[in-house]
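In: Got a predicted structure plus its sequence, pasted below:
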Amino acid sequence: IVPGALHHFILSGLPTSSTAGIPFPNRVVVTAKDAYDNTVTTYSGTLSWSSTDSLAALPAAAGGFVSGQKTFSESEFVLKTAGAQTVTVTDGAAGVSQQSGPIAVSPGALHSFTLSNPGTQVAGVGFELSVSGARDQYNNAWSGTIGVGFADGGSHLAPNGSGPSLSSITVTNGAGSAAQVLVKAESGVVLRGSSGGVTDDTDAFTVVPGALGSFGLTGVPAAVVA
């Protein structure tokens, strides 16, 4: 008893999750099957690949089945669009296709983002610094944490020794914000957001003095003669 005609393909080695721009972790094996799931050892057709991910890198059309199986290198499969994606193998001449299950693709490493410009701020008064457009190199919305500091690396302490309060920004689906408090009245302040070597700076802005808190007296003698 020999196997029947090609009816479907079995795909093995496919991941259930992947990261945009990163090749699959394992080789992918395609097995030709008849209607009763017998391996069609004589199959000699040509396969082509497609995906719901329009940016995907996939193997070129190929034949070369041996005993009903064909193995593809893991490096030939790179998905690039975040979300649930599938890959499909097709023998166009036979009219047989097989789609994979969903592969959950997560965004790749941060590639770029935009830090908001605060404008003039008041010493000691908190303000929101926001991140927008955080994306990986394939334009997928990125999630993670962006640190905040001064672009010049200085401490920017107030005259009384008080320090600023700079908070990291938690980014979800490309955007986020966090409260910042500066305490030194000065001009030309530039804040920098950074994560994994990717940075963006605010425009230079001015911090003006806060509300009156005390007076300082100079020239007053320690003692006088009546």
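Out: Happy to help now that I have it.
In: For this protein, which residue occupies the most central location?
Out: By C-alpha atoms, centre = their mean, the chain has its centre lying nearest to Trp142, at 3.4 Å.
In: Next, the contact list for it, please.
Out: Residues near Trp142 by C-beta atoms under 8 Å, 6 or more residues apart in numbering: 107, 110-111, 113, 134-136, 171, 174. Bear in mind the C-beta positions are built from the backbone N, C-alpha and C, glycine included.
In: now those in TSV, with secondary structure?
Out: Formatted as TSV, the contacts of Trp142 follow (DSSP: H, G, I helix; E, B strand; the rest coil):
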residue	secondary structure
Pro107	coil
Leu110	coil
His111	coil
Phe113	strand
Ala134	strand
Arg135	strand
Asp136	coil
Val171	strand
Gly174	coil
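In: out of these, who's nearest Gly196?
Out: Nearest to Gly196 out of the contacts of Trp142 is Leu110 (C-beta to C-beta; 5.6 Å).
In: partner residues bridging the closest residue to Thr202 other than its chain neighbours?
Out: Distances taken as C-beta to C-beta, 6 or more residues apart in numbering place Leu191 nearest to Thr202, at 4.7 Å, with adjacent residues excluded. With DSSP bridges applied, Leu191 shows beta-bridge pairing to Phe150.
In: when you give positions from now on, start the count at 51
Out: Shifting the count to begin at 51 puts that one at Leu241.
In: For Leu241, give its distance to Ser227.
Out: Between Leu241 and Ser227 the computed distance is 13 Å (C-beta to C-beta, to the nearest Å).
In: quick one: Thr164 is in a helix?
Out: No: with three-state DSSP as the criterion, Thr164 is located in strand rather than a helix.
In: pLDDT at it, what is it?
Out: On the pLDDT scale, Thr164 is placed at 98.
In: and if you look at Ala273?
Out: Here, the pLDDT recorded for Ala273 equals 76.
In: which regions of this structure sit below the pLDDT cut-off?
Out: Low-confidence segments of the chain, defined by pLDDT under 70: 261-270, 274.
In: quick one on the thing from earlier: now do the same contact list for the nearest residue to the residue nearest to the centre of the chain once chain neighbours are set aside.
Out: Nearest residue to Trp192 in three dimensions, chain neighbours excluded: Ala184, at 4.3 Å (C-beta to C-beta, 6+ apart). Ala184 makes contact with 160, 162-163, 191-194, 196, 221, 224-226, according to C-beta under 8 Å, 6+ apart.
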